[in-house]
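Colleague: everything below, folded, please.
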Amino acid sequence: MNMIRKERGLLYEDFEIGQVFDHHWGRTFNASDASTFGNMFLQMNPIFFNRPYAEALGYDDILIPPMFVFATVLGLSVEDLSEAGGPFLGVDDVAFGLPVYAGDTVYARSTVLSQRLTESRPGWGITEWHTIGTTQRGDEVVDFKRRNLSKCRAK
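Modeller: Here you go, the predicted structure:
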């Protein structure tokens with residue numbers, strides 16, 4: 001069988017500082033998401049699995065764990081920003097906004113903040129993005145910056 005490899009994703013030269021990406025997928029959280037994520041990652045705070053407890057603290061319902069929201073929003077951005085590969089270099093300035101509940105859909109929007117070629121790794125550059133996650137109502141739920149090595153186009 002002859003396999004055809006199709007390159008996917010954007011390269012370093014495809015980004016411009018100030019360029020905005022409205023990532024086209026959203027993700028709706030359902031009622032089992034909070035407990036499933038909580039059980040997998042030992043999130044034992046009752047606000048993630050005990051409705052009366054969460055309501056007694058002033059929340060509308062059981063919360064979706066914020067780290068799950070963060071990971072989801074980051075994941076929504078990958079197809080547009082880093083699918084072409086390159087090591088993930090880190091996240092900075094993570095800030096959480098309003099809580100996310102079952103039934104909420106989150107969306108992601110990213111802006112290119114900076115770029116520079118690397119001296120230590122020819123053919124690669126560092127691209128930094130600012131990503132904001134919002135709900136279907138436009139409420140901001142997470143905000144962060146992240147960096148990846150981005151492969152340069154072959155010359």
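Colleague: going forward, measure contacts between C-alpha atoms and count neighbours the same way
Modeller: Will do.
Colleague: quick one: residues in contact with the top helix by length along the chain.
Modeller: Scanning the chain for the longest helix, with DSSP state H as the assignment, gives helix 66-81. Residues from elsewhere that reach helix 66-81 (Cα atoms under 8 Å, 6 or more residues apart in numbering): 9-10, 21, 23, 25-27, 37, 96, 99-100, 106-110, 131-133, 141-142.
Colleague: type out the PyMOL command that picks the buried ones from those.
Modeller: Those of those that count as buried under 16 or more other Cα atoms under 10 Å are selected in PyMOL with:
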select buried, resi 10+21+23+26+27+37+96+99+100+106+107+108+109+110+131+132+133+141+142
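Colleague: restricted to helices, list the contacts of helix 66-81.
Modeller: Of the contacts of helix 66-81, the ones assigned to helices by DSSP H are Phe37.
Colleague: from the contacts of helix 66-81, which land in strands?
Modeller: Assigned to strands by DSSP state E, the following of the contacts of helix 66-81 qualify: 21, 23, 25-27, 96, 106-110, 131-133, 141-142.
Colleague: minimum pLDDT in those, which residue is that?
Modeller: pLDDT across the ones in strands among the contacts of helix 66-81 is lowest for Trp25, at 88.
Colleague: test my guess that it contacts Tyr107.
Modeller: Yes. The pair Trp25 and Tyr107 qualifies as a contact (Cα atoms under 8 Å) at a distance of 6.9 Å.
Colleague: got a list of what Asp33 touches?
Modeller: For Asp33, counting by Cα under 8 Å, 6+ apart, the contacting residues are Ile64, Ala102.
Colleague: give me the secondary structure label for it.
Modeller: helix (DSSP: H, G, I helix; E, B strand; the rest coil).
Colleague: how far away is Asp22 from Gly75?
Modeller: 13 Å (Cα to Cα, to the nearest Å).
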